[in-house]
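Q: Provide a 3D model corresponding to the input given below.
(3 chains)
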Amino acid sequence: MSDKSKPIVQMKNIEKHFGAVIALAGVSLDVFPGECHCLLGDNGAGKSTFIKALAGVHKPTKGEIIFEGKPMEFDRPRDAIAAGIATVYQDLAMIPLMSVSRNFFMGNEPIKKLGPIGFFDHETANRITMEEMGKMGISLRGPDQAVGTLSGGERQTVAIARAVHFGAKVLILDEPTSALGVRQTANVLATVDKVRKQGIAVVLITHNVRHAMAVGDRFTVLNRGQTLGTAERGNITPEELQDMMAGGAELATLEGSLGGTV
Amino acid sequence: MSDTPTNPPDDERIIARSRFREALIRPELGGIAGIILVFFFFLLTAADSGMFGPAGVMNWSIVSAQFAIIAVGACLLMIAGEFDLSVGSMIGFAGIIIAILSVQMGWPMWMAIITTFVLCTALGAVNGWLVIKTGLPSFIVTLAFLYILRGLTIFAAIATTRKTIIGGVRDVAEGDWLAAIFGGKILTGFFQWMGDTGLIEVFERGTRKGQPVVDGIPMLIVWALVLIVFGHILLTRTRFGNWIFASGGDAQSARYTGVPVNRVKILMFMFTAFCATVFATCQVMEFGSAGADRGLLKEFEAIISVVIGGALLTGGYGSVIGAALGALIFGVVQQGLFFAGVESSLFRVFLGVILLLAVILNTYIRRMITGEK
Amino acid sequence: MTSLIRKLVLATAVVAAPLLAATTAAAEGEKYILVSHAPDSDSWWNTIKNGIALAGEQMGVEVEYRNPPTGDLADMARIIEQAAASGPNGIITTLADFDVLSGPIRAAVDQGINVIIMNSGTAEQTREVGALMFVGQPEYDAGYAAGLRAKGDGITSFVCVNHVISNTVVAERCRGFADGLGIELGNSMIDSGQDPAEIKNRVIAHLNANPDTDAVLTLGPTSADPTILALEEMGLAGDIYFGTFDLGENIVKGIKDGIIQWGIDQQPFLQAYLPVVILTNYDRYGVLPGNNINSGPGFVTADGLEKVEMFAGEYR
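A: Numbering: from 1, shown residues only, chains lettered A, B, ... in the order given. Model (predicted):
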């Protein structure tokens, strides 16, 4: 297990330009093993662009990514995955038409050699899938149950379990709770907690402060492509976070008219 | 990893299903039901017409095998999320190229066949590469190739021979080892024995007097079986098969987990072209001539077989066995209606009805399996 | 699930009922199958269908018409094999491509089925596959005769509109015509396809590109009808020399109107009617004509059009 006192990922002054649009104007962030670092921000704040830079989908225009003490450049998602940075996207986590076990091992299929030909080892795949799902508290009808029959929360959990099983050191979760009901959200957040306790660094992207406060160790707020600062758990209240995300003043007036329910 | 696997309590919302039902609910169910229905129908209407005699069985088996050869390619490609509408034109093209290389240019047959296979799979790769690079729907790109290849085929035939049918292939193929793999027959001794013992009819007159009416299993059928087995194993038992499902199910998700989607799709386009070339080569070797209009509309026949067999048009779901059953249904219906003496123009009505019934049943089954809404 | 299967069975039964009814309409007795190479879209073959139907009725035998829907000759070979497997008394078939069709035809003959070649084929090929006889028009000779006639009318160049480019036998008509004229066929034959709009526009394009073309030769109603329209549109109708093979309603009208100089009638009715009659009599009494029967060519001109007009597209 990695040294918990040193950050596993450091992102320094990341800038990303899409043509004339500056999506990120120098964002910095570091993540320690075993912590859940929440990245907050309203829609369009640059959260997704930022983590896509880390996941190897976008190449940053400027800035530096240091992973395990060494500067890294990811050209493709596969490079990031190979290094141990796994991403679970909101709606791209799973392929609904395929079975849970086929999804679980998508891109990492276990091979059983039969002479010179390598076959998909369904036995191993099914066994591991059932074990891992059991650990996460999901009961399947069978490993060949299609993912389409699972709930949104269960799909997220399968995707997280998959990333952990394949040795992710850093797990990026992109809005895992945004489309979920209360109970499913609780399940996913509990899963995040389990993962963190295994010493994996979690980067959780959300615009829901309550979800962030439930599992987060540190909170970084993005607004209009810039960092508004990083706070540690206990040093900040949900209200302060909410204000930072939406740029304070306007939301205060809005909140007044909505009776403090947002 | 200190957690011990705990068995979560059974979810009360999951309704227990019987083993029989579990075994029944599979992608091929539509195809199996169709086969039963079709054979039931023809046993009732055409039982005494010779349809189920040796020559009759061979007749619809060959037609079904032809469909199956192109359906296997179309099936894997469709599961990978793409279409190939140029299959029919590719059949015509491959045939003419073989004939031009062997008859017109005097190459040995094996060389002509191998060159054609290389050329046609390369064209399949071009198809795939264009689809990937342009991001256009494969429907459009391969539609363009449908015309390009058909036009080139007619042009090449006219330019070299002033005819659209090039004959004389049989003479060049005589004794060629590779030609026999496509145009030969196996188990001829066994069939001769069956003819001698009176198990099957023999010719009554002519140069083949005493030979059985069915004198062996054509390589066409062997190719169909080999391709079906290969496709089925590739799809269900290999890592690559999982990539095919993933590429068609959701290309973006698949890419994010590291599946080489582009490579998978291009390879499937090449495999489809390969299957079309197998079809063409078997046909040319059997009939001894290549025609520029061969293979018209075969792409749709392949796609229909695949869809009857339970594959999803939008990709990510399907079965090679299902596609093979679809091809069998197609072949049996097409030839069976002749046997049953039904007015031939009604064949399309019947086919359309079967297609519709199969798709409705398949959609129903698929929703049960995948939980699609 | 079971209810679904029940529904399916029911639906199939409903669909199948009219098909079954169609099959029971067949008469008892001898059965003859006619296999053509024409796609469904070729209207010329209606005469053939009418011909065998009439002969079947008169002789009291069962007749069937089969064709490959797209005109794919490889599919036609399968149909001949199928026809042989269904055990008819005789098969009447065209020999549109010797390489493709000779194998299945010979196999049918060897199974003891009587075969008559009609429409496409040559006397030599007929002998080679072991068929009883050939009923049809020797295409090259017909084209040659037409060429000589056109040469007499002072023609020196022509365009041949071929709507069945894949049928080598039909293309012989163009070759014969060119030889009759004493010129090279060269680029005079165009592949028009089967679609009327495409045929019309290809003819227009060709005549525009080659304004010195003296004559148009079409190979059947499929290409003749749109060609008439093309000539009318270009103002060449009645001006350019126009001959055609085969008859049809519009062709007869064209002859009457002076747009078409002559039509070569191969009398398809005879090609369908005679084989059924001959096969039936051969099966019943063992009698067989001693030679091939030339059903054409007969030149149909503006003189004596009445009968032709009355039955054009039906029996003519």
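Q: pretty sure residue B:234 contacts residue B:242?
A: No: the pair residue B:234 / residue B:242 is not scored as a contact, 10.4 Å apart, by C-beta atoms under 8 Å. Every C-beta, even on glycine, is put in place using the N, C-alpha and C of the backbone.
Q: of the two, who's got more company?
A: residue B:242 (28 against 17; other C-beta atoms under 10 Å in any protein chain shown).
Q: that one and residue A:103 touch, don't they?
A: No: counting by C-beta under 8 Å, residue B:242 stays clear of residue A:103, with 9.2 Å between them.
Q: quick one, helices of the stretch 101-250 of chain C?
A: C:123-129, C:139-152, C:168-181, C:196-209, C:221-234, C:249-257 (DSSP state H, counting those that start in this stretch).
Q: just the stretch 1-150 of chain A next, same as before
A: A:47-55, A:77-83, A:100-104, A:122-135.
Q: pull the number of nearby residues for the residue nearest to residue A:213 when sequence neighbours are not counted.
A: Excluding the flanking residues, the one nearest residue A:213 by C-beta to C-beta, 6 or more residues apart in numbering or on different chains is residue A:238, at 5.4 Å. Residue A:238: 12 surrounding residues under other C-beta under 10 Å.
Q: give the contact list for residue A:238.
A: A:209, A:210, A:213 (C-beta atoms under 8 Å, 6 or more residues apart in numbering or on different chains).
Q: helices - which of those land there?
A: Residues from the contacts of residue A:238 lying in helices, with DSSP state H as the criterion: A:209, A:210, A:213.
Q: scan those residues and report the most crowded one.
A: Neighbour max across these (other C-beta under 10 Å) = residue A:209, 24 neighbours.
Q: which one is residue 230 nearest to, not counting chain neighbours?
A: The chain I'm using is chain A. residue A:220 (4.5 Å).
Q: chain B was what I was after
A: Residue B:230 sits nearest to residue B:72 (C-beta to C-beta, 6+ apart), 7.8 Å away.
Q: chain center to the host helix or strand of that neighbour: distance?
A: In this structure, residue B:72 sits in helix B:54-79 according to DSSP states H and E. Between the centre of helix B:54-79 and the centre of its chain there are 5 Å (C-alpha atoms, centre = their mean, to the nearest Å).
Q: cool, stretch C:192-201 as well?
A: Counting by C-alpha atoms, centre = their mean, stretch C:192-201 comes out at 18 Å from the chain centroid.
Q: okay, how far is it across that stretch, tip to tip?
A: 9 Å (C-alpha to C-alpha, to the nearest Å).
Q: do it and chain B meet?
A: No: contact of stretch C:192-201 with chain B is not found when judged by C-beta under 8 Å from any C-beta of the partner chain; the minimum separation is 10.3 Å.
Q: who's in contact with that stretch?
A: C:39, C:41-42, C:161-163, C:202-203, C:222-223, C:225-227, C:229-230, C:233.
Q: again with stretch C:55-69
A: Under C-beta under 8 Å, 6+ apart, the answer for stretch C:55-69 is B:338, B:341, B:344, B:347-348, C:26-40, C:45, C:48-49, C:52-53, C:75-76, C:79, C:82-83, C:88-89, C:272-274, C:276-277, C:280.
Q: what average pLDDT does that stretch get?
A: Mean pLDDT, stretch C:55-69: 92.
Q: got a list of what residue 233 touches?
A: Went with chain A since none was named. Here residue A:233 is in contact with A:213, A:216, A:217, A:218, A:219 (criterion: C-beta under 8 Å, 6+ apart).
Q: you answered for a different chain; I wanted chain C.
A: Counted by C-beta under 8 Å, 6+ apart, residue C:233 has contacts C:200, C:204.
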